[in-house]
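K.L.:
coordinates only, sequence not included:
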């Protein structure tokens, strides 16, 4: 049963496939709920991490999101695409968390000091560590809106229109902020540009 859902809903689903999953969840179908959870949990955690700066908190917030979704499944009626709904709900969870936690400044300090190096295994080459540290550091230095837009587009594959819905802004604002993010990253990562040309190509 789960394989059926996974094959039918592999990230490029049609609206009808999404509607079917949502309808099944509303009826208490655990397999449909598990399919959504497995498909989106990891990517939502990565997205929330970019907001709250804590992997543990990100995991807890996303888990809480899915718990609330399941508990309120009978009245669940997401507007727009399921992906947009989940990202927007995750963003709201993260922002509500930040309102009650003093983590923003400490997260920025950790990012600036390259604390994300722990993500790379001990066998990684030193130059790769330095390169990835530079990338994470550069992204962390972007203004919050620029950073979230860049992460959603480049790391989560969302379109400008989807990002606009998630962040409650216009598509034009997304375009402008993405342009600013790319310009800033080109400046910060100038020494690495020959290697990072794939990352900084103008968005289409």
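P.N.:
All right, it came through fine. Predicted model, so just to flag it, every value in this text is computed and none were measured.
K.L.:
CA atoms for contacts and neighbours, from now on please.
P.N.:
Noted.
K.L.:
helices and strands around the longest helix seen in the chain, which ones?
P.N.:
Of all the elements of type helix in the chain, the one with the most residues (DSSP state H) is helix 30-52. Helices and strands touching helix 30-52, as assessed by 3 or more Cα pairs under 8 Å, 6 or more residues apart in numbering; DSSP states H and E, comprise helix 2-8, helix 15-26, helix 55-71, helix 82-99.
K.L.:
mind checking which of the ones you listed is nearest residue 140?
P.N.:
Ranking these by distance to residue 140, with Cα to Cα as the measure, places helix 55-71 first at 15.3 Å.
K.L.:
what's the offset of that closest one from the middle of its chain?
P.N.:
Centroid separation between helix 55-71 and its chain, computed with Cα atoms, centre = their mean, to the nearest Å, is 14 Å.
K.L.:
okay, now residue 51: neighbour count?
P.N.:
Per other Cα atoms under 10 Å, the neighbour tally for residue 51 reads 21.
K.L.:
isn't residue 91 right next to residue 49, touching?
P.N.:
No - assessed by Cα atoms under 8 Å, residue 91 is found out of contact with residue 49, at 10.2 Å.
K.L.:
Which one's more surrounded, those two?
P.N.:
Neighbours were counted for residue 91 and for residue 49 using other Cα under 10 Å; residue 91 has more, 22 against 18.
K.L.:
From the domain annotation, what segments belong to each domain of the chain?
P.N.:
1-101, 102-204 (automatic domain parsing).
K.L.:
Work out for me the element residue 80 sits within.
P.N.:
Under the criterion of DSSP states H and E, residue 80 resides outside all helices and strands.
K.L.:
list the contacts for the residue nearest in space to the middle of the chain?
P.N.:
With distances taken as Cα atoms, centre = their mean, the residue of the chain nearest its centroid is residue 47 (2.5 Å). Contacts of residue 47 were listed using Cα atoms under 8 Å, 6 or more residues apart in numbering, and they are 151, 152, 156.
K.L.:
Any idea how many residues pack against the first one?
P.N.:
Taking other Cα under 10 Å as the criterion, the count of residues near residue 151 is 18.
K.L.:
which of the domains of the chain has the lowest average pLDDT?
P.N.:
The weakest mean pLDDT among these belongs to domain 102-204, with a mean of 70.
K.L.:
burial count for residue 24?
P.N.:
Residue 24, neighbours per other Cα under 10 Å, totals 16.
K.L.:
Next one: the residue lying closest to it once chain neighbours are set aside from residue 97, what distance?
P.N.:
Distances taken as Cα to Cα, 6 or more residues apart in numbering put residue 32 closest to residue 24, at 6.2 Å, once the chain neighbours are dropped. As judged by Cα to Cα, to the nearest Å, residue 32 and residue 97 stand 28 Å apart.
K.L.:
Which one's more surrounded, these two?
P.N.:
A count of neighbours by other Cα under 10 Å puts residue 32 above the other of residue 32 and residue 97, at 22 against 17.
K.L.:
Please report how far the more buried one lies from residue 184.
P.N.:
Going from residue 32 to residue 184 by Cα to Cα gives 42 Å.
K.L.:
Also residue 65?
P.N.:
33 Å.
K.L.:
next one: residue 165
P.N.:
24 Å.
K.L.:
What of residue 142?
P.N.:
With Cα to Cα as the criterion, residue 142 and residue 184 are 7 Å apart.
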